[in-house]
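**Q** okay, here's the prediction I keep looking at, along with the sequence it came from:
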Amino acid sequence: MGIKKTLLLALMTALLACPTGPIWAGEPAVKIVVKTILASQDAASVDPRISDLTRKLQSVFRYSSYRFISEDSLQLRINETGTVSLPGDRTLKITPLRVTESRAELQLLIFKKESQIIKTRIQVLNHGSITVGGPEHQGGFLLFDIFNSF
Amino acid sequence: MKKAYGECDEELIGRYLDGEISQEEYDRIGRHLKDCPSCQKILRDNQGISTVFREVLGREVSQADFADLETRALGQIRQKENPWWERISKPAFSAKLLLPASAIAALILFFAIARGPATISGPSAVIEAFSGEVSSVMIIETPESRQTILWYKESS
């Protein structure tokens, strides 16, 4: 196939993709990644897997140790709920409610055993995250970094 | 009858029959034919062949569908002369348009396929609603990275 034909096909593909955003666009799916971290005053240590997040947290918190506990990934469509198990019989339920140009609106529910502890609705930047923290666990405090992209 | 109009010339008689000679030659051959039985025979033979040929040709022509033939022939000619990509690309790929069109196509593809991280400034997250069985709650934003932190203390 000659260069002209290749460029022509690229142009036609681009024009077809243009009105709908991504070529594969349909109902948007939101990718969620939840990292669970335990912050404490134990011996200073920072896990390289969470070094970026730790740097941000250290600007407001004075914990000496940030221990990476787990990571969970979800691929959720609008109004689809995903569940992540958290330490201490806790559960996080995430539901993308809608997607705007730059942010995803998410509903977060955190349960401890059967009891709902918090319910919140947030708008998170695309390729951004919110950090939810505070529950005490094993002498430290749990932090859940909830990242999204769409 | 370049030889001489008194001699026989089969080729010239053929042209006489087809009307491909001047009026002067026509008259001369006509005069020669009156006195020449062999040329008369040649003329009759040629006329016979011509008649048969016209009849056969006329019959074949009357049965032919020229409109359909013309359409198909023209279609094949156009297809060979001008394939679809050339018909589209000729105006699109003139020297002046080729580079800008390629650049625009590349940009459109880039933004359509690779939607990178948002560059919009603002906090990483905005909390629109909150409720819960908690004893305290704080919303914190880190100074430079503007990371939003929701910090709560569970009720004991």
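**A** That came in fine, so what should we check first? Numbers count the residues shown, from 1 in each chain, chains lettered A, B, ... in the order given.
**Q** buried residues in the helix or strand hosting A:I118?
**A** Taking DSSP states H and E as the criterion, A:I118 maps to strand A:115-125. By 16 or more other Cβ atoms under 10 Å in any protein chain shown, the buried positions in strand A:115-125 come out as A:I117, A:I118, A:K119, A:T120, A:R121, A:I122, A:Q123, A:V124, A:L125. Every residue, glycine included, has its C-beta placed from N, CA and C.
**Q** now do it: which elements does it pack against?
**A** On a contact count with 3 or more Cβ pairs under 8 Å, 6 or more residues apart in numbering or on different chains; DSSP states H and E, strand A:115-125 meets strand A:103-112, strand A:128-137, strand B:125-132, strand B:148-154.
**Q** in the longest helix along chain B, what's buried?
**A** The longest helix of chain B (DSSP state H) is helix B:37-63. Of all the residues in helix B:37-63, those buried under the rule 16+ other Cβ under 10 Å are B:C39, B:I42, B:L43, B:N46.
**Q** output the contacting helices and strands for it.
**A** Counting contacts by 3+ Cβ pairs under 8 Å, 6+ apart, helix B:37-63 is packed against helix B:10-18, helix B:23-35.
**Q** would you put the C-alpha positions of the shortest one in CSV?
**A** C-alpha atoms of helix B:10-18 as CSV (Å, rounded to 0.1, in the frame of the first residue of the first chain):
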residue,chain,number,x,y,z
GLU,B,10,-10.3,-4.8,-59.9
GLU,B,11,-9.2,-2.5,-57.1
LEU,B,12,-10.5,0.6,-58.9
ILE,B,13,-13.8,-1.1,-59.5
GLY,B,14,-14.0,-1.8,-55.8
ARG,B,15,-13.5,1.9,-55.1
TYR,B,16,-16.0,2.7,-57.8
LEU,B,17,-18.5,0.6,-56.0
ASP,B,18,-17.7,2.3,-52.7
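**Q** show residues contacting stretch B:18-26.
**A** The contact list for stretch B:18-26 (Cβ atoms under 8 Å, 6 or more residues apart in numbering or on different chains) reads B:M1, B:L12, B:R15, B:Y16, B:I29.
**Q** ends of it, what's the gap?
**A** 11 Å (Cα to Cα, to the nearest Å).
**Q** what's the closest non-adjacent residue to B:N46?
**A** Once flanking residues are discounted, B:N46 sits nearest to B:L17: 5.1 Å by Cβ to Cβ, 6 or more residues apart in numbering or on different chains.
**Q** which pLDDT value belongs to the one you found?
**A** B:L17 is assigned 87 on the pLDDT scale.
**Q** ok, it - contacts?
**A** Shown in contact with B:L17 (Cβ under 8 Å, 6+ apart): B:L43, B:N46, B:Q47, B:S50.
**Q** and B:R146, by the same measure?
**A** For B:R146, the contact set (Cβ under 8 Å, 6+ apart) comprises B:S121, B:G122, B:P123, B:S124.
**Q** list the contacts of the last one.
**A** Looking back up the chat, that one is B:S124. Listed by Cβ under 8 Å, 6+ apart, the contact set of B:S124 reads A:V124, A:L125, A:G128, A:S129, A:I130, B:S145, B:R146, B:Q147, B:T148.
**Q** quick check: it vs A:T54, distance?
**A** Here B:S124 is placed at a distance of 15 Å from A:T54 (Cβ to Cβ, to the nearest Å).
**Q** need the next SSE after the lowest-mean-pLDDT helix or strand in chain B, C-terminal direction.
**A** Using mean pLDDT, DSSP states H and E, helix B:84-92 stands out as the lowest-scoring helix or strand of chain B, at a mean of 65. The helix or strand immediately downstream of helix B:84-92 is helix B:95-113, counting by DSSP H and E.
**Q** in that next one, what counts as buried?
**A** Neighbour counts over helix B:95-113 (16+ other Cβ under 10 Å) mark B:A101, B:S102, B:A105, B:I108, B:L109, B:A112 as buried.
**Q** any low-confidence regions in chain A?
**A** A:1-4, A:6-8, A:10-11, A:13-27 (pLDDT under 70).
**Q** what number of residues lie near the nearest residue to A:I50 once chain neighbours are set aside?
**A** Leaving aside its chain neighbours, A:I50 sits nearest to A:F68 (5.0 Å; criterion: Cβ to Cβ, 6+ apart). Using other Cβ atoms under 10 Å in any protein chain shown, the number of residues around A:F68 comes to 18.
**Q** next, the contact list for A:F68, please.
**A** A:K35, A:T36, A:I37, A:D47, A:R49, A:I50.
**Q** what ranges of chain B fall below the confidence cut-off?
**A** B:1-7, B:82-97, B:112-120.
**Q** go again using 50 as the cut-off
**A** Flagging of chain B using pLDDT under 50 yields the residue ranges B:1-4, B:118.
**Q** so A:N126 makes contact with A:S149?
**A** Yes. The criterion here is Cβ atoms under 8 Å, and A:N126 meets it with A:S149 at 6.0 Å.
**Q** okay then, goodbye and thanks.
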